[in-house]
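>>> fold the following and give me the result.
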Amino acid sequence: MQSMDLNLLVALDALLAEGSVTGAAERLQLSVPAMSRTLDRIRKMVGDPLFVRAGRGLVPTPRAEQLREPVRLLVAQARQLLAKEQDFNVAHMRRVFTIRADDGMVALLGPLIIQKITQLAPRSTIRFIAQGKQDVIALREGWVDLDIGVIEDLGPEIVRQSLLRDQFIAVFRQQHPLGDDPALSAVAFAQAQHVTVSRRGVLNGPIDVELGKMGLSRHISAVTHSFAEALFIARSTDLIASVPNLLTSTMREGMQYRMLPFETPFSTISQAWHPRYNGDTEHQWLRQIVFEICQNQLQAHPA
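Numbering: from 1, shown residues only. Reported below is the predicted structural model:
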């Protein structure tokens with residue numbers, strides 16, 4: 001294999017991580033034709049097609065699979081080395097950061113993060129993707145830079161930092177029959193119709209546990225995938241949406257809310273990343289931005 005400059009190595013890393021020319025082009029902020037030409041150059045240097053057509057998509061060759069991890073490590077080491085050898089200038093930084101978060105986190109933090117990025121690092125991009133199954137692989141492989149949300153212990157391989165604490169409240173439309181009551185009773189809450197949020201479609205949770213302790217139960221009329229969907233339904237019906245207070249604070253305009261008539265555990269919102277990024281100056285900068293924004297949110301909305 002001929003010698004390869006760092007730009008081609010970065011391009012190869014993006015191609016191996018994304019598995020497509022389009023995805024790699026987006027990551028590197030290049031046009032698709034330019035990325036295709038780069039792939040042709042890499043193929044000639046490596047002496048392997050790297051990706052072959054399979055239906056409408058591309059699949060990696062055995063040689064590409066063999067190169068994936070060594071190339072990823074080389075690029076990560078090169079970035080850290082260069083960051084140490086030159087002054088970090090955030091205004092000149094060109095990077096696409098991928099953050100995995102639910103709609104509540106994006107609604108609360110997204111505008112603030114984007115405002116900071118636009119102001120301080122105008123050549124960089126934040127890409128939000130929806131939360132699905134929390135896994136180590138996406139963080140390890142660099143498909144996700146930061147995971148933000150209620151994150152379970154993913155083991156010693158993943159670093160977690162607490163950001164916020166939040167608690168569920170009951171939200172309903174302005175004209176709801178319960179709207180005239182200054183406080184919500186447990187009986188009235190249990191007798192109402194409910195919409196809940198669960199990515200897995202689960203019909204009960206901590207709220208139902210607390211109701212059960214009081215000899216009460218509620219009927220779940222609808223289950224949605226996101227907080228925004230639950231609030232949209234509650235806004236147009238007499239269903240009550242039980243949602244996190246802080247995360248939905250920017251999504252509840254024109255609606256009423258009440259504290260739940262029983263204690264529920266606080267949820268801890270964290271950001272998580274792979275240790276491969278511990279020494280990455282640009283990644284450190286992003287983590288600090290997110291942390292500071294969350295501290296400001298805590299001061300504005302104390303628990």
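>>> nearest spatial neighbour of residue 181, skipping sequence neighbours?
residue 188 (7.0 Å; Cβ to Cβ, 6 or more residues apart in numbering). (C-beta placed from N, C-alpha, C; glycine too.)
>>> do you know how far residue 284 is from residue 143?
Residue 284 is 19 Å from residue 143, where distance means Cβ to Cβ, to the nearest Å.
>>> equivalent analysis for residue 196, please.
According to Cβ to Cβ, residue 196 stands 29 Å off from residue 143.
>>> and these two? which has more neighbours close in?
Neighbours per residue (other Cβ atoms under 10 Å) separate residue 196 from residue 143, with residue 196 holding more: 23 against 17.
>>> let me see the confidence value for the more buried one.
Residue 196 is assigned 94 on the pLDDT scale.
>>> residues in contact with whichever strand or helix holds it?
For residue 196, the host element (DSSP states H and E) is strand 193-197. Applying Cβ atoms under 8 Å, 6 or more residues apart in numbering, the contact partners of strand 193-197 are 203, 205, 218-227, 229-230, 233-234, 237-243.
>>> do stretch 22-42 as well
Against stretch 22-42 from outside (Cβ under 8 Å, 6+ apart): 4, 8, 10-12, 14-15, 17-18, 21, 50-51, 94, 96, 125, 127.
>>> same question, stretch 65-74
With contacts defined as Cβ under 8 Å, 6+ apart, stretch 65-74 is touched by 9, 12, 13, 16, 17, 46, 50, 60, 141, 142.
>>> so who does the fifth one touch?
For residue 17, the set of contacting residues under the criterion of Cβ under 8 Å, 6+ apart consists of 24, 27, 68, 72, 141, 142, 143.
>>> quick one: it is in a strand?
No - counting by DSSP: H, G, I helix; E, B strand; the rest coil, residue 17 is not part of a strand but helix.
>>> so how far does stretch 161-181 reach from one end to the other?
39 Å (Cα to Cα, to the nearest Å).
>>> residue 131 and residue 102 touch, don't they?
Yes - counting by Cβ atoms under 8 Å, residue 102 is a contact partner of residue 131 at 4.7 Å.
>>> name the residues contacting each of those two.
residue 149.
>>> among the contacts of strand 193-197, which ones are buried?
Among the contacts of strand 193-197, those buried by neighbour count (16 or more other Cβ atoms under 10 Å) are 218, 220, 222-224, 226-227, 229-230, 233-234, 237, 239-243.
>>> in helices, which of those appear?
227, 229, 230, 233, 234 (DSSP state H).
>>> point out where the stretch 101-250 of the chain drops to low pLDDT.
132-134 (pLDDT under 70).
>>> could you rerun that using 90?
Applying pLDDT under 90 to the stretch 101-250 of the chain flags the ranges 102, 104, 130-143, 149-158, 179-183, 198-206, 225, 250.
>>> that one: helices as residue ranges?
Secondary structure of the stretch 101-250 of the chain by DSSP state H, counting those that start in this stretch: the helices cover 103-120, 136-140, 186-191, 206-213, 227-236.
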